[in-house]
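Q: no FASTA, just this:
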């Protein structure tokens, strides 16, 4: 049996037997989510939970000052940032901002692959979040919201992490990038869904991680997966034979009103603003 087939067999067996080692949620994200779930928590306590991570604190201030928040007056400290973002939104946004901590490795080869995976995730997320902003302007009564798409678009590809971690034990497979791409395409959805369940995330995040790249999985209702798929198509992460035809599906569904909007200055500026927010 080739090394590639052996690794694929190992991954499939561990998935089926629930023995695959899954990444753990960053500690600061756990603390923020626990604080947010406490009905008695106040803004000062939430600020304290985030303040233990200086990098996350800086990012929350950047979010509060971003174009997404639509405020001209800038905040200068974490408490002001948490106040502006709000307790309802802070849980998902803070978790999303902590995701980058998972895409790291001490192995230089794995580090490079994880860096590329995170880079692609950010680009898809920037489109997904921007698309949601445009959608919300036209659909004020939708149940979809900004903070959920922010987290969903940064965890949708989380299933690649255990595959890369397992492959680290078989460095020879990295001589065949197409094999890794095949393994990720075949297995990352199921693994991603398992990670979301292990983290006890709501069903919508399980659905996103498990089915975003599954061509057979479709919904007549507008969902978070739609926004992620559009972003993935635009970035080439989701391969389609005809990009215009694939995007037309989302015009017909009412998510975008034309292809021209995706090339407009307003949209492109929004995408860059979101990317800057995560940098």
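A: Yep, it's here. Computed from a predicted structure; not experimentally measured.
Q: SS state for residue 22?
A: Assigned by DSSP: H, G, I helix; E, B strand; the rest coil, the conformation of residue 22 is coil.
Q: show me the contacts for it.
A: The contact partners of residue 22, by C-beta atoms under 8 Å, 6 or more residues apart in numbering, come to 162, 191, 194-195, 198. (Each C-beta comes from the backbone N, C-alpha and C, glycine too.)
Q: in the stretch 101-250 of the chain, which ranges drop under the pLDDT threshold?
A: By pLDDT under 70, the low-scoring segments of the stretch 101-250 of the chain are 175.
Q: mind listing the helices for it?
A: 108-138, 146-155, 160-167, 177-198, 203-211, 224-235, 243-252 (DSSP state H, counting those that start in this stretch).
Q: For residue 59, which of these is the nearest?
A: Of all the helices of the stretch 101-250 of the chain, helix 146-155 sits nearest to residue 59, with 11.6 Å by C-beta to C-beta.
Q: Could you check how far the most centrally placed residue in the chain is from residue 76?
A: The residue lying closest to the centre of the chain (C-alpha atoms, centre = their mean) is residue 154, at 1.2 Å. According to C-beta to C-beta, to the nearest Å, residue 154 stands 26 Å off from residue 76.
Q: Then residue 229?
A: For residue 229 relative to residue 76 (C-beta to C-beta), the value is 38 Å.
Q: now residue 51
A: 14 Å.
Q: Likewise for residue 251?
A: Residue 251 is 42 Å from residue 76, by C-beta to C-beta.
Q: Look at the two and report which has more neighbours.
A: residue 251 (14 against 10; other C-beta atoms under 10 Å).
Q: wouldn't that one be in contact with residue 262 here?
A: No. In this structure residue 251 lies outside contact range of residue 262 using C-beta atoms under 8 Å: 10.3 Å.
Q: which residues touch residue 276?
A: Residue 276 touches 62, 66, counting by C-beta under 8 Å, 6+ apart.
Q: now swap in residue 274 and tell me
A: Applying C-beta under 8 Å, 6+ apart, the residues near residue 274 are 66, 68, 125-126, 129-130.
Q: Of the residues you listed, which is the most crowded?
A: Result: residue 125 is most packed of the contacts of residue 274 (other C-beta under 10 Å), 30 neighbours.
Q: how far away is residue 19 from residue 250?
A: With C-beta to C-beta as the criterion, residue 19 and residue 250 are 38 Å apart.
Q: Who has more neighbours out of these two?
A: residue 250 (19 against 9).
Q: show me the residues around that one that make contact.
A: Taking C-beta under 8 Å, 6+ apart, one finds 226, 229-230, 256 in contact with residue 250.
Q: Let me know the closest of those to residue 138.
A: residue 256 (9.8 Å).
Q: Report how many residues lie close to that closest one.
A: For residue 256, using other C-beta under 10 Å, the count is 22.
Q: Check the secondary structure at it for me.
A: Going by three-state DSSP: residue 256 is coil.
Q: surely it meets residue 229?
A: No. Using C-beta under 8 Å, residue 256 makes no contact with residue 229, being 11.8 Å away.
Q: sorry, back to before: most neighbours of all the contacts of residue 250, which one?
A: Going by other C-beta under 10 Å, residue 229 tops the contacts of residue 250 with 27 neighbours.
Q: what sits against that one?
A: 212, 238, 250.
Q: State the distance from the second one to residue 51.
A: In this case it means residue 238. For residue 238, the distance to residue 51 - C-beta to C-beta - is 38 Å.
Q: what do you get for the last one?
A: Residue 250 sits 40 Å away from residue 51, going by C-beta to C-beta.
Q: Assign residue 262 to helix, strand or coil.
A: Applying three-state DSSP: residue 262 is helix.
Q: quick one: contacts for it?
A: Contacts of residue 262 (C-beta under 8 Å, 6+ apart): 234, 247, 256.
Q: Test my guess that the first one contacts residue 127.
A: Pointing back at residue 234 there. Yes. Counting by C-beta under 8 Å, residue 234 does reach residue 127; the two are 5.2 Å apart.
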